[in-house]
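Novice: my questions concern the predicted model and sequence given below.
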Amino acid sequence: MLKLELRHLGALLDALAGQGKVYAPFRQGGRTDFAWYDGTAGRDAAALDLEHHTARAPKDVLFPQVEDLLRFRQQGKKLGLEAAPLPTESVVAFGVRGCDTAGFAILDKVFLQDPADLYYRARRDSLTVLGLACGELEETCFCRTFGLDPAAPGGDVDLWLAGGALYWQARTDKGRRLTEALGAAVPFTDAADTTADTAAGAAADAVPPAVAAQRDAVHASYDRLPLAELRFDDRLYHHEREAFRSPVWESLAATCLTCRTCTYVCPTCHCFDVRDEKTAPGTTERYRCWDSCMDRDFTQMPHGNPRKGKTERFRQRYLHKLVYFPEDHGGTYACTGCGRCLQACPVSLNIVKVEQALAADLGAVGAAPDGKGGAQ
Amino acid sequence: MNRDSMIPVVGVLTKVTRETGDVNTYRVEKPGGGKLFEHMPGQCAFLSVPGLGEAIFSITSSPTNQEFMEFSIKRTGRITDFLDEGMEPGQEIAVRGPFGNHFPVEDKLKGRDLLFIGGGIGMAPLRSVVNYLLDHRADYGNIDVVYGARSREDFVKYDELTEDWPNRPGVQVHLTIDRPQEGWTGHVGFVPAFLRDLAFTSDKTVCLCGPPIMIKLCLEALTDMGFRKDQVYTTLELRMKCGIGKCGRCNIGKKYVCKDGPVFTCDELDDMPDEY
């Protein structure tokens, strides 16, 4: 493990920028969010914020809000077509929390599943993730519900802010390559020097006391969170039929404003639209952009809409995360406990509320443990 | 796949056939001739109208046709209106595909007596299967085709239905129209009732396509006639944007109609949430 004094964070950002575009959390106007580091005010070392959680998940580093796909050029009856080049520029995402690296893993399951999305894969291949262990937790955090550890972020490199220093542990080949490439540009010291245990071999893996202490402190503060003991009920995805037919949807959806904020802040939501825009006579740009299954037109077809009302669309979003996705991916929920939907929803709807209501209802129904069974 | 699944290829429209008042068949070839890509019966492809976008259609022609692909398309919205009004032979067109699974012509349909039931534009995907079977005739048993349309003028590929298929060995075509019509000597009535009249034996494997209400009522009729739901293949139609199970639009339960479908057995549909 390596160690860096915090006064060298500026040097680190500059050295990272030498390896690729840097996407990092900056604080501006009382709000922390990911942005591209460019050294300008608000996007410089002074504004770098490794303490607060970000308003949005950094999923757009892999799945941009708008992404060009191709350009059509029409001339008479001729049609020319130029595919957008695959994005190959190296990118470093700096300070990604465990809930958001887990979000990347869920997006991977969607976009890399055969047939892989080549634009996503190109972005994924050129991305190095610097994970950041949590220090302060939000009251809305519940990552441990999904087996995640707020002190083990799961990046290519993992970072801990502890004892007034940044600790740096490369975990993957990508992480090791980046660490080597930074070389002397960043005045790292060997964190193992600070430990009593200097035995050869053990030293590299040894956890410095400051990191161990910070880890213990985070675990202790997690235990005090309101959702510390929250568990999702696995009966849900074994009882798709009952979950689908539950009467809770009507009352839960009733207050939803369909503003789609939950979709856009979510690290796992990945629905997209494909749109054309005429940009000049004979020229059309085709792009994809974020969309939401909560939108009224999402499934609208000329002959009708299989999800006619808000209740059906609300149900689809939550059942996809709580039932359909786990059914298809070995029990993995399409939720990482980041808690953003708990903070962002203007009418206090969120996945925890929905899961609890649904689990309570299925408990009352006494769903049989035989999968599809139960009431017809 | 080397090319991204989101990027179409450019073909050329070589023929537009007006089939009915609101259905045209569009013939598409590679510029210079030949098929744009291989497909299987029941698979779909997106056609692009630059500026308006893409929509997905079943490929109506048989995979055995090596010269061109055909799409029989009914006018139902902006893109299909433009195809009808704004496209003419010689026009290049972007096509993206093939997507989805297909009717199980290599195994489950082989050696079986087959019953095709189509309603309206629903005959489009079935036509690909029937012509494929006719080009591999020895591999399949007797073929019955039941096809219902609003009127005599609403049958797509009427010549093929009346002059080609019935003359093939072991093929019977049963046409019906919704209401009596001057000069029509064939059957009059809706498909589900016609099915019961025809009293097919329940040993056949069925491919059923049409409007949702027709599928539902035909399935009831077939069940009453002794067919099991796993003998009946049908196709689902949902809005789609990507074709590769990522954009989320055609998600029903854990299935994505674009890649897990569009062909499902009717007992598979029973396992899915009722959202199609």
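Specialist: Cool, got the structure.
Novice: where are the low-confidence patches of chain B?
Specialist: B:1-3 (pLDDT under 70).
Novice: domains in it, by residue range?
Specialist: With domains defined by automatic domain parsing, chain B comprises B:9-99, B:114-235.
Novice: among these, which comes closest to chain A?
Specialist: Chain A lies closest, by C-beta to the nearest C-beta, to one member of the domains of chain B: domain B:9-99, at 3.6 Å. Where you see a C-beta, it was placed from the backbone N, CA and C, and this is true even at glycine.
Novice: what's the first-to-last distance across that closest one?
Specialist: Using C-alpha to C-alpha, to the nearest Å, the end-to-end distance of domain B:9-99 comes out at 14 Å.
Novice: need the domains of chain B in CSV with distance to A:Gly282 and mean neighbour count, can you?
Specialist: Putting the domains of chain B into CSV (distance: least, C-beta to C-beta, whole Å; neighbours: other C-beta atoms under 10 Å in any protein chain shown) gives the following:
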stretch, distance to A:Gly282, mean neighbour count
domain B:9-99, 9, 19
domain B:114-235, 32, 18
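Novice: any chance you could map the strands in the stretch 1-150 of chain A?
Specialist: Assigned by DSSP state E, counting those that start in this stretch, the strands in the stretch 1-150 of chain A fall at A:2-5, A:21-28, A:31-36, A:66-75, A:78-83, A:91-96, A:127-132.
Novice: for B:Ala199, find the nearest of those strands.
Specialist: strand A:78-83 (51.2 Å; C-beta to C-beta).
Novice: am I right that B:Gln172 sits in a strand?
Specialist: Yes. Per DSSP: H, G, I helix; E, B strand; the rest coil, B:Gln172 lies within a strand segment.
Novice: so it bridges to which residues?
Specialist: B:Asp144 (DSSP bridges).
Novice: just give me the neighbour total for the residue lying closest to A:Thr101 once chain neighbours are set aside.
Specialist: If the residues on either side of it in the chain are set aside, A:Thr101 comes closest to A:Gly154, at 4.4 Å by C-beta to C-beta, 6 or more residues apart in numbering or on different chains. With neighbours defined by other C-beta atoms under 10 Å in any protein chain shown, the count for A:Gly154 comes to 21.
Novice: likewise A:Pro25?
Specialist: 24.
Novice: turn the strands of the stretch 1-150 of chain A into JSON lines, including distance to B:Val129.
Specialist: Below are those laid out as JSON lines (distance: least, C-beta to C-beta, whole Å):
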{"stretch": "strand A:2-5", "distance to B:Val129": "63"}
{"stretch": "strand A:21-28", "distance to B:Val129": "50"}
{"stretch": "strand A:31-36", "distance to B:Val129": "50"}
{"stretch": "strand A:66-75", "distance to B:Val129": "32"}
{"stretch": "strand A:78-83", "distance to B:Val129": "31"}
{"stretch": "strand A:91-96", "distance to B:Val129": "47"}
{"stretch": "strand A:127-132", "distance to B:Val129": "44"}
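Novice: need the ones you listed in JSON lines with distance to A:Gly339 and mean pLDDT, can you?
Specialist: Below are the strands of the stretch 1-150 of chain A laid out as JSON lines (distance: least, C-beta to C-beta, whole Å; pLDDT from 0 to 100):
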{"stretch": "strand A:2-5", "distance to A:Gly339": "29", "mean pLDDT": "96"}
{"stretch": "strand A:21-28", "distance to A:Gly339": "16", "mean pLDDT": "97"}
{"stretch": "strand A:31-36", "distance to A:Gly339": "14", "mean pLDDT": "96"}
{"stretch": "strand A:66-75", "distance to A:Gly339": "26", "mean pLDDT": "97"}
{"stretch": "strand A:78-83", "distance to A:Gly339": "38", "mean pLDDT": "96"}
{"stretch": "strand A:91-96", "distance to A:Gly339": "15", "mean pLDDT": "98"}
{"stretch": "strand A:127-132", "distance to A:Gly339": "16", "mean pLDDT": "98"}
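Novice: switch the ones you listed over to a markdown table; also include distance to chain B.
Specialist: Compiled in a markdown table, the strands of the stretch 1-150 of chain A are given as follows (distance: least, C-beta to the nearest C-beta, whole Å):
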| stretch | distance to chain B |
| --- | --- |
| strand A:2-5 | 38 |
| strand A:21-28 | 22 |
| strand A:31-36 | 23 |
| strand A:66-75 | 4 |
| strand A:78-83 | 4 |
| strand A:91-96 | 19 |
| strand A:127-132 | 18 |
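Novice: all helices for the chain, in order.
Specialist: Let's take chain A. Ranges of helices within chain A are A:9-17, A:98-111, A:118-125, A:173-182, A:202-205, A:209-223, A:235-238, A:240-245, A:248-254, A:261-265, A:310-319, A:325-328, A:340-344, A:351-365, based on DSSP state H.
Novice: not quite, go with chain B.
Specialist: Using DSSP H, helices in chain B cover B:78-86, B:123-134, B:158-159, B:191-198, B:212-224, B:257-260, B:266-270.
Novice: for the ones you listed, give me TSV that also has distance to chain A.
Specialist: Converted to TSV, the helices of chain B look like this (distance: least, C-beta to the nearest C-beta, whole Å):
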stretch	distance to chain A
helix B:78-86	8
helix B:123-134	14
helix B:158-159	23
helix B:191-198	17
helix B:212-224	8
helix B:257-260	8
helix B:266-270	9
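Novice: make a markdown table out of those and add distance to B:Pro180.
Specialist: Shown next, in a markdown table, are the helices of chain B (distance: least, C-beta to C-beta, whole Å):
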| stretch | distance to B:Pro180 |
| --- | --- |
| helix B:78-86 | 29 |
| helix B:123-134 | 21 |
| helix B:158-159 | 18 |
| helix B:191-198 | 14 |
| helix B:212-224 | 20 |
| helix B:257-260 | 37 |
| helix B:266-270 | 31 |
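Novice: B:Pro63 is nearest to which of those helices?
Specialist: Going by C-beta to C-beta, the one of those nearest B:Pro63 is helix B:123-134, 5.8 Å.
Novice: for the stretch 151-276 of chain B, what lies in contact range of chain A?
Specialist: By C-beta under 8 Å from any C-beta of the partner chain, the residues of the stretch 151-276 of chain B that approach chain A are B:211, B:237-239, B:241-242, B:244-249, B:251-254, B:271, B:273, B:275-276.
Novice: go again with 6 Å.
Specialist: Contact residues (C-beta under 6 Å from any C-beta of the partner chain) of the stretch 151-276 of chain B with chain A: B:Arg239, B:Lys241, B:Ile244, B:Lys246, B:Cys247, B:Gly248, B:Gly253, B:Lys254, B:Pro273, B:Glu275, B:Tyr276.
Novice: ok, now which ones touch residue 225?
Specialist: I went with chain A, as the question did not name one. With C-beta atoms under 6 Å, 6 or more residues apart in numbering or on different chains as the criterion, the residues that contact A:Leu225 are A:Cys141.
Novice: please go with chain B instead
Specialist: Listed by C-beta under 6 Å, 6+ apart, the contact partners of B:Met225 are B:Ser202.
Novice: perfect, I'm done here.
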